[in-house]
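> predicted model, plus sequence, below.
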Amino acid sequence: MTLVLVRKLLRDIRWPLLTVWLLLFVFSTLWVKIAQRVTTEIAPFFNTLGMLAKIPNVKDTFDEIVFKGPGKVSQAVLGGAEIRFDQANDFLAVQMLHPVVMTLAWLWAVGRTSSAVSGEIDRGTMELLMSQPIPRNRLIYAHLIVDAFVLPIIALSLLAGTQLGLELAGPFQIDPKSFDKLPMIPKEMTLDLHPPGLNIDTSRHWLAGLNLVAFMFSLSGMAILISAYGRNRWRSLAYSVLIVLVMFVVNVLGQLWSEAAFARPFSLFFYYQPQKMWLQNNWMAEMGEAWNAGKPLFGLPAVPFLFVVGAAGYAGALRIFTKRDLPAPL
């Protein structure tokens with residue numbers, strides 16, 4: 001009977017899942033082309049222009065101007081000051097924190113499970129469902145199985161789109177024509193048309209995808225826990241969305257304002273660090289960033305922690321749903 005519920009849930013979400021998958025797939029494919037243009041044309045142009053103007057530390061000066069004031073919010077959202085936008089791998093990794101990816105990911109995770117219990121009650125179908133010879137816990141188990149099947153598929157859309165984009169875009173090479181609009185370049189100035197920063201390495205892209213799966217699972221566990229308490233799907237969805245938005249704001253403010261940094265570990269967004277996993281093979285969320293003025297304190301494995309949070313949410317939902325009284329349909 002659990003498999004029957006799983007098939008029913010998968011049938012209900014097949015078209016939304018296909019839509020989200022295609023959106024992320026197309027976005028990640030296009031992002032490769034954007035990364036190629038920025039790192040092989042735009043960044044070299046401005047770096048060379050800065051060298052001609054004899055500006056010291058061109059990259060730091062450029063970041064200071066672009067990410068000044070409100071621009072710091074964009075920098076915090078896209079990965080912080082450690083990301084070098086003139087490096088191909090760094091720019092490719094930005095896609096994992098892009099607002100398009102983040103919005104679709106958390107909306108899917110929260111939107112699906114926030115109506116897992118309260119939605120059935122609100123629609124008046126819970127009584128029909130529970131009249132079947134199945135224990136209550138099978139409904140929670142079915143949603144857990146669906147998450148285990150669907151969330152990796154969503155993450156794979158980004159990996160597959162990136163690989164297709166790399167095949168279509170070709171190698172990242174600086175085009176000498178990018179410098180045609182610059183003033184006469186002195187003969188003594190040599191231009192490196194093949195810098196090491198343009199070498200692509202996606203061997204650890206799957207780690208970033210795993211971090212995305214864990215992040216979505218933690219949000220899904222939180223949402224189904226809220227749903228197990230409620231009886232109105234829209235109220236459950238509103239509470240879930242509100243909590244996600246508060247956690248997002250807390251994490252961003254903690255990066256911009258040192259006095260608020262202590263609250264970052266209480267946000268699940270703090271443990272979503274796909275760029276560190278992709279670029280540095282670093283699985284740890286460093287607590288010193290929030291609690292020790294940026295100095296090392298101790299690390300917490302981000303992916304296992306997010307999976308534990310999601311599992312705790314499902315365990316709580318299971319206990320609540322199997323113990324609570326179900327209201328009669330109105």
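That came in fine, so what should we check first? Numbering: from 1, shown residues only.
> can I assume residue 3 sits in a strand?
No - assessed by DSSP: H, G, I helix; E, B strand; the rest coil, residue 3 does not belong to a strand; its assignment is helix.
> roughly how far does residue 215 sit from residue 324?
To residue 324, residue 215 is 28 Å away according to Cβ to Cβ, to the nearest Å. For every residue, glycine as well, the C-beta is placed using N, CA and C.
> do residue 292 as well
42 Å.
> what's next to stretch 260-275, contact-wise?
With Cβ atoms under 8 Å, 6 or more residues apart in numbering as the test, stretch 260-275 has contacts from 79, 82-83, 90, 93-94, 96-97, 207-209, 211-212, 215, 218-219, 222, 247-248, 250-251, 253-255, 282, 285, 287, 289-291, 300, 302, 305-306, 309.
> scratch that, stretch 138-149
1-2, 5-6, 9-10, 13, 112-113, 116-117, 120, 129, 217, 220, 224, 228, 310, 314, 317-318, 321.
> right, and the helix or strand after whichever strand or helix holds residue 225?
Secondary structure from DSSP states H and E places residue 225 in helix 205-229. Next helix or strand after helix 205-229 toward the C-terminus (DSSP H and E): helix 233-256.
> for whichever helix or strand comes after that next one, which residues meet the burial criterion?
Next along the chain after helix 233-256, taking DSSP H and E as the criterion, comes helix 274-280. For helix 274-280, the neighbour count (16 or more other Cβ atoms under 10 Å) marks 274-279 as buried.
> what do you get for stretch 132-144?
136, 138-144.
> hang on, the earlier thing: out of the contacts of stretch 138-149, which end up buried?
For these, a burial check counting by 16+ other Cβ under 10 Å picks out 5-6, 9, 112-113, 116-117, 120, 217, 220, 224, 228, 310, 314, 317-318, 321.
> in helices, which of those residues fall?
The helices, defined by DSSP state H, take in 5-6, 9, 112-113, 120, 217, 220, 224, 228, 310, 314, 317-318, 321 from the buried ones among the contacts of stretch 138-149.
> measure the closest residue to residue 5 other than its chain neighbours to residue 2 for me?
Distances taken as Cβ to Cβ, 6 or more residues apart in numbering place residue 142 nearest to residue 5, at 3.7 Å, with adjacent residues excluded. Distance of residue 142 to residue 2, computed by Cβ to Cβ: 6 Å.
> dump the buried residues of helix 274-280 to a markdown table, plus distance to residue 32.
Output for those, formatted as a markdown table (distance: Cβ to Cβ, whole Å):
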| residue | distance to residue 32 |
| --- | --- |
| 274 | 16 |
| 275 | 16 |
| 276 | 21 |
| 277 | 19 |
| 278 | 14 |
| 279 | 16 |
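> any chance of those residues in JSON lines, plus distance to residue 198 and pLDDT?
Listed next are the buried residues of helix 274-280 as JSON lines, based on distance: Cβ to Cβ, whole Å; pLDDT from 0 to 100:
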{"residue": "274", "distance to residue 198": "21", "pLDDT": "93"}
{"residue": "275", "distance to residue 198": "18", "pLDDT": "90"}
{"residue": "276", "distance to residue 198": "21", "pLDDT": "90"}
{"residue": "277", "distance to residue 198": "21", "pLDDT": "92"}
{"residue": "278", "distance to residue 198": "16", "pLDDT": "92"}
{"residue": "279", "distance to residue 198": "15", "pLDDT": "89"}
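> of those residues, closest to residue 296?
Nearest to residue 296 out of these is residue 276 (Cβ to Cβ; 13.9 Å).
> specify the local secondary structure of residue 48.
Residue 48 - assigned by three-state DSSP - is helix.
> neighbours of it, how many?
Around residue 48 there are 18 other residues, counting by other Cβ atoms under 10 Å.
> got a pLDDT number for it?
On pLDDT, residue 48 comes in at 70.
> distance of the residue nearest to residue 5 from residue 310?
Relative to residue 310, and taking Cβ to Cβ, residue 142 is found at 16 Å.
> for residue 277, same thing?
18 Å.
> now do residue 289
23 Å.
> now do the SS call for the spatially most central residue of the chain.
For the chain, the residue nearest the mean C-alpha position is residue 102 (4.5 Å; Cα atoms, centre = their mean). Secondary structure for residue 102, judged by three-state DSSP, is helix.
> buried residues in the strand or helix carrying residue 147?
Using DSSP H and E, the element containing residue 147 is helix 137-169. The neighbour-count check on helix 137-169 (16+ other Cβ under 10 Å) flags 138-147, 150-151, 154-159, 161-162, 165-166, 169 as buried.
> before we move on, the earlier item: look over the ones in helices among the buried ones among the contacts of stretch 138-149 and name the one with the lowest pLDDT score.
For these, the pLDDT minimum is residue 120, 79.
> which residues sit in contact with it?
Neighbours of residue 120 in contact, by Cβ under 8 Å, 6+ apart: 126, 129, 139.
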